[in-house]
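**Q** Predicted model and sequence follow; I will ask about them next.
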Amino acid sequence: MKDDIIRIRWHGRGGQGAITAAKIVANAAFASGYEGVVMAPTFGTERRGAPVLTSLKIAKKKIYDLSPITRPDMVIVLDHLLLDEVDVASGAVPGGLVIINSPLGPDAYCFKGARTATADVTSISEAAGLPSGIVNTGIIGAFARASGLIGMEPLSLAIEKEFAGKHPEKNINAALRTYDQTIVGDLLNG
Amino acid sequence: MSKIVAITGAGAMSECMRQINPDVVPAFPITPSTQVIEDFSQFVADGKVDTEMITVESEHSAMSACIGAAAAGGRVMTATSSAGMALMWEMLHIAASMRQPVVMSLINRALSAPINIHADHSDSMGARDAGWIQLYAENNQEAYDNLIMAPKIAEHMDVRLPIMVCMDGFIISHCVQTMQLEDDNKVKEFIGEFESTYPVLDTQHPATWGALDLQDYYMEHKRAQHMAMKNAKDVIEKVSTEFANIFGRKYELFESYRLDDAERVIIAINSVCGEIKEVIDERREAGDKVGLLKIRSFRPFPYEEIAQALEGVKIVTVLDRSESMGAYGPLFVEIRAALFDEPEKPMVYNRIFGLGGRELFMSDIHDIFEENKTYLETGKVEKRFDYLKVRGG
């Protein structure tokens, strides 16, 4: 494994827009100078509500490995109830980061050897004016805050481009508000 | 203006179709090629192309309309996958026999049953005898570049055959990657104007298409198709050189990756080649003499060139992402045929992998190189044919 690739695995439910979220981050990463960007969704049944995942890899140079991520540096979970169904942190590297849309604080979770960050993206997005259940732009704010990898400016631009004509301002607002309200926990020794 | 973009494979195909601005696009959407047609119909609706888009009731009709529109004198493109192309079957052969240079973007997907929407090459490999030129691509960039070259190859007067530009479903079609999107005008200029031959709409010069052709001339017509396909080999090389001169990316009939002094080689098609290259780089760092031969043109198949490229190689693992039950994989059969007349043949064996989208990881590719190392050391191919990562194997 080459360690200059940052591997981010996204877990959501069919219809939640996890792939769109990862695509937005991919575009923002590229705009921020990461020349190697690969966002490869693992499609299953394409059924609404079913667990889905997508692999986002970013690096400063071209990436050839398009296979799904098995050793993620970061894991992003769009619905905390997925934790009952999917081992989201499976294979996470030591010192990795797990970001969850959850009404609970990071202390409520215990991922050994990793840091956990949480934000109540569902409530924040609704307060930002988005229809109930739209969390895929809010979660981007949580990602920006917890990872520190990409700034909110390129991310907002990427959201604007993706949602052109579909209330980009509300989506950007959701991301910005979530950025402010994300709580990052400590590294749990494992 | 040429620019680097982050885009899905399917998105790259629709952008390329926008740049080509074909006269007619008859299409029926099917996963995972849907986005190509979805994007392109948006371009039509937004007036970004002059194309007449025909939304048909089935893929059989889509290919029928392609043939009709091409025979009428238009540049024609379409996109499909899997069962969609299977439903075109009858018309695929007719497009080729009527020598219509239809350009198809084929997003490779498994065939049912059981129902599966993911990548393998059952669709295009099944159609390998339909008389279409087949180009394959490792990633978005290659698929996009192949599609730019496709009309120029297909429409060449020494060829006049339909062409399919293939990429792996989801793995490439739905994968966002960075790639160079060329300037619209440069692409148009490169491809040039469509030149029609005996168009049926030219009423001053009436011509018959699809006439009855029995024992008297049918065989000559088939041979003519074969000759055109042989010509296509030179034309692909020529067009690829022209493309390289303008756009800077050079493609051959196949890619030789670290093949020069390689002793152990994998031969494969499409997206898996990216992972194979990474593994080769890792093993080369440790002094392991391994390489990859990646097929770009499967029809026509470059037998002599491949045999030459494999000179000095000691063992070859051929990876097939489709299968011909009761026979070896289609790529393996060609490779063995290519090598048969060589005085010093490498050992060659076949592995079927990735059917219905089953992933092959870099660790699996390391395992392949370990296996062929053992075969080489013992001088014996333990299993000529086998599956990778399958239960009950």
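**A** That came through, no problem.

**Q** Do you know the pLDDT at the nearest residue to residue B:361 once chain neighbours are set aside?
**A** Distances taken as Cβ to Cβ, 6 or more residues apart in numbering or on different chains put residue A:67 closest to residue B:361, at 5.0 Å, once the chain neighbours are dropped. (C-beta placed from N, C-alpha, C; glycine too.) As predicted, residue A:67 sits at a pLDDT of 92.

**Q** Contacts for the helix or strand that residue B:6 is a member of, please.
**A** Assigned by DSSP states H and E, residue B:6 falls within strand B:3-8. With Cβ atoms under 8 Å, 6 or more residues apart in numbering or on different chains as the test, strand B:3-8 has contacts from A:26-27, A:30, A:35, A:37, B:15, B:35, B:140, B:173-181.

**Q** Could I have the buried ones of those residues as ChimeraX selection syntax?
**A** Applying 16 or more other Cβ atoms under 10 Å in any protein chain shown to the contacts of strand B:3-8, the buried members can be selected in ChimeraX as follows:
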select /A:26,27,30,37 /B:15,35,140,173,174,175,176,177,178,179,181
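
**Q** So which of the contacts of strand B:3-8 are in strands?
**A** A:37, B:176, B:177, B:178, B:179, B:180, B:181 (DSSP state E).

**Q** can you tell me which of these lies nearest to residue A:49?
**A** Among the ones in strands among the contacts of strand B:3-8, residue B:176 lies closest to residue A:49 (Cβ to Cβ), at 24.1 Å.

**Q** partners of that closest one in the sheet?
**A** Residue B:176 has these beta-bridge partners by DSSP bridges: residue A:39, residue B:8.

**Q** Tell me which residue in the stretch 201-350 of chain B sits closest to chain A.
**A** residue B:274 (3.9 Å; Cβ to the nearest Cβ).

**Q** Residue B:319 against residue B:266, yeah?
**A** Yes - here residue B:319 reaches residue B:266: they are 6.2 Å apart, a contact under Cβ atoms under 8 Å.

**Q** Find residues that contact each of these two.
**A** Counting by Cβ under 8 Å, 6+ apart, the shared contacts of residue B:319 and residue B:266 are residue B:368.

**Q** Now do the closest residue to the residue of the stretch 201-350 of chain B closest to chain A other than its chain neighbours: how many residues are near it, please.
**A** Distances taken as Cβ to Cβ, 6+ apart place residue A:64 nearest to residue B:274, at 3.9 Å, with adjacent residues excluded. Other residues within reach of residue A:64, judged by other Cβ atoms under 10 Å in any protein chain shown, total 21.

**Q** Likewise for residue A:60?
**A** Neighbours of residue A:60 using other Cβ under 10 Å come to 11.

**Q** same thing with residue B:6?
**A** Neighbour number of residue B:6 under other Cβ under 10 Å is 23.

**Q** Local confidence estimate at it?
**A** The score at residue B:6 is 89. That number is its pLDDT.

**Q** ok, back up a step: how near is the residue nearest to residue B:361 to residue A:38?
**A** 10 Å (Cβ to Cβ, to the nearest Å).

**Q** which one of those two has more residues nearby?
**A** Set residue A:67 next to residue A:38 and count neighbours by other Cβ under 10 Å: residue A:38 wins out with 27 against 23.

**Q** these two touch, right, that one and residue A:63?
**A** Yes - counting by Cβ under 8 Å, residue A:63 is a contact partner of residue A:38 at 4.8 Å.

**Q** so who does residue 151 touch?
**A** Going with chain A. For residue A:151, the contact set (Cβ under 8 Å, 6+ apart) comprises A:32, A:144.

**Q** Chain B is the one I meant
**A** Counted by Cβ under 8 Å, 6+ apart, residue B:151 has contacts B:20, B:75, B:77, B:101, B:103, B:191, B:194.

**Q** To which secondary structure element is it assigned?
**A** Assigned by DSSP H and E, residue B:151 belongs to helix B:140-154.

**Q** Can you dump the C-alpha atoms of that helix in CSV for me?
**A** Only the C-alpha atoms of helix B:140-154 are listed here, as CSV (Å, rounded to 0.1, in the frame of the first residue of the first chain):
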residue,chain,number,x,y,z
ASN,B,140,-12.1,7.4,-18.1
GLN,B,141,-9.3,9.1,-20.1
GLU,B,142,-8.7,6.1,-22.4
ALA,B,143,-12.4,5.5,-23.0
TYR,B,144,-12.8,9.2,-23.9
ASP,B,145,-9.8,9.1,-26.2
ASN,B,146,-11.0,5.9,-27.8
LEU,B,147,-14.4,7.5,-28.5
ILE,B,148,-12.8,10.5,-30.1
MET,B,149,-10.8,8.2,-32.4
ALA,B,150,-13.8,5.9,-33.0
PRO,B,151,-15.6,7.8,-35.8
LYS,B,152,-12.3,8.4,-37.6
ILE,B,153,-11.5,4.7,-37.5
ALA,B,154,-15.0,3.4,-38.4
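
**Q** angle of it against strand B:3-8?
**A** 100 degrees (axes from the mean of the first three to the mean of the last three Cα atoms, to 10 degrees).

**Q** What is the helix or strand just after helix B:140-154 packed up against?
**A** Note on helix B:140-154: by DSSP H and E, the next helix or strand toward the C-terminus is strand B:163-168. Judged by 3 or more Cβ pairs under 8 Å, 6 or more residues apart in numbering or on different chains; DSSP states H and E, the packing partners of strand B:163-168 are helix B:9-20, strand B:103-108, strand B:133-136, helix B:140-154.

**Q** hmm, 7 Å instead?
**A** strand B:103-108, strand B:133-136, helix B:140-154 (3 or more Cβ pairs under 7 Å, 6 or more residues apart in numbering or on different chains; DSSP states H and E).

**Q** Next, format these as JSON lines and append mean pLDDT and distance to residue B:280.
**A** Shown next, in JSON lines, are the helices and strands packed on strand B:163-168 (pLDDT from 0 to 100; distance: least, Cβ to Cβ, whole Å):
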{"stretch": "strand B:103-108", "mean pLDDT": "98", "distance to residue B:280": "23"}
{"stretch": "strand B:133-136", "mean pLDDT": "98", "distance to residue B:280": "19"}
{"stretch": "helix B:140-154", "mean pLDDT": "98", "distance to residue B:280": "18"}
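
**Q** ranking the ones you listed by burial, who's on top?
**A** strand B:103-108 (a mean of 30; mean count of other Cβ atoms under 10 Å in any protein chain shown).

**Q** which element follows it toward the C-terminus?
**A** With elements assigned by DSSP H and E, the helix or strand that comes after strand B:103-108 is helix B:122-126.

**Q** Now do that following helix: everything it contacts.
**A** With Cβ atoms under 7 Å, 6 or more residues apart in numbering or on different chains as the test, helix B:122-126 has contacts from B:81-82, B:85-86, B:106, B:108-111, B:134, B:164, B:166, B:322, B:330.

**Q** and what of stretch A:73-85?
**A** For stretch A:73-85, the surrounding residues in contact (Cβ under 7 Å, 6+ apart) are A:6-13, A:16, A:18, A:51, A:88-89, A:92-93, A:96-102, A:135-136, A:139, A:143, A:147.

**Q** quick one: which of those sit in helices?
**A** In this view, these that belong to helices under DSSP state H are A:18, A:139, A:143, A:147.

**Q** Just name the closest of these to chain B, please.
**A** For these, the nearest to chain B is residue A:18 (12.9 Å; Cβ to the nearest Cβ).

**Q** Which pLDDT value belongs to that closest one?
**A** Reported pLDDT for residue A:18: 94.
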